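[1] Can you look at this prediction? I've put the sequence above it.
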Amino acid sequence: MAIALSTPITGSAQTGFTSPTYTIVTDNAPSLFGKQWYVSALGGTQTGATVHSISSPFTVSVFRPASLSQLPAPNPVTGVISSFPKNVYKVVTRKGALPAANQPAQNILIRTEVSIPAGVDSYSAAELRAALSAHIGALTQASAGIGDTCVTGSL
């Protein structure tokens, strides 16, 4: 896979955090078609945050489809392609957090899924890159706001 995270990851802005960084270590992915890293150290000010442990994981995983789909042939009579299979890529962040005092850690799951119709990767690569650029840029720009919304429930 072309995705290779380098350490440390510079975190994006969050209310109450100052210059957050995450030291990552390569881990075994839960799938042959993925890569995974765990957070071994925190940098900056992140009061209350913890690193990876067995009972409270902090991982980032990236997955590709087990079998990549290709664009099927058009109907020989109509020239129309009736079904477009999708290649689905995923980024999953898992973070253990305590829900209440004296309770075991529960996992927070954050997923970004990219579902690409077969053929778009070669015929409209610029459109695919634009969509990804805008999506990731929006997440980065709205990072603190997303965090505030997840904490307060106010959109």
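    Structure's in. What do you need?
[2] In the chain, mark out all the strands, start to finish.
    Per DSSP state E, the chain carries strands over the ranges 9-10, 18-27, 34-45, 58-63, 86-97, 106-117.
[3] For L132, see how far away the residue nearest to the spatial centre of the chain is.
    With distances taken as C-alpha atoms, centre = their mean, V91 lies nearest the centre of the chain, 2.8 Å away. Computed with C-beta to C-beta, to the nearest Å, the distance linking V91 and L132 is 11 Å. All C-beta atoms are positioned from the backbone trio N, CA, C, and that covers glycine.
[4] Then G119?
    For G119 relative to L132 (C-beta to C-beta), the value is 17 Å.
[5] Same question for A118.
    17 Å.
[6] neighbour-wise, which of the two wins?
    A118 (18 against 14; other C-beta atoms under 10 Å).
[7] Do I have it right that that one meets Q70?
    Yes - at 5.5 Å, A118 counts as touching Q70 under the criterion of C-beta atoms under 8 Å.
[8] Mutual contacts of those two, please.
    Here A118 and Q70 share the contacting residues P85, scored by C-beta atoms under 8 Å, 6 or more residues apart in numbering.
[9] Give the burial count for the residue lying closest to I146 once chain neighbours are set aside, as a bare number.
    Excluding its sequence neighbours, the residue lying closest to I146 (C-beta to C-beta, 6 or more residues apart in numbering) is L139, at 7.3 Å. L139 has 13 neighbouring residues, counting by other C-beta under 10 Å.
[10] Do I have it right that L139 meets G145?
    No - contact between L139 and G145 fails when scored by C-beta under 8 Å: they sit 10.3 Å apart.
[11] What distance do you get for the closest residue to F63 other than its chain neighbours to S40?
    Nearest non-adjacent residue to F63, counting by C-beta to C-beta, 6+ apart: G34, 4.1 Å away. Distance, G34 to S40, by C-beta to C-beta: 19 Å.
[12] between those two, who's got more neighbours?
    Between G34 and S40, counting by other C-beta under 10 Å, G34 is the more crowded of the two (19 against 15).
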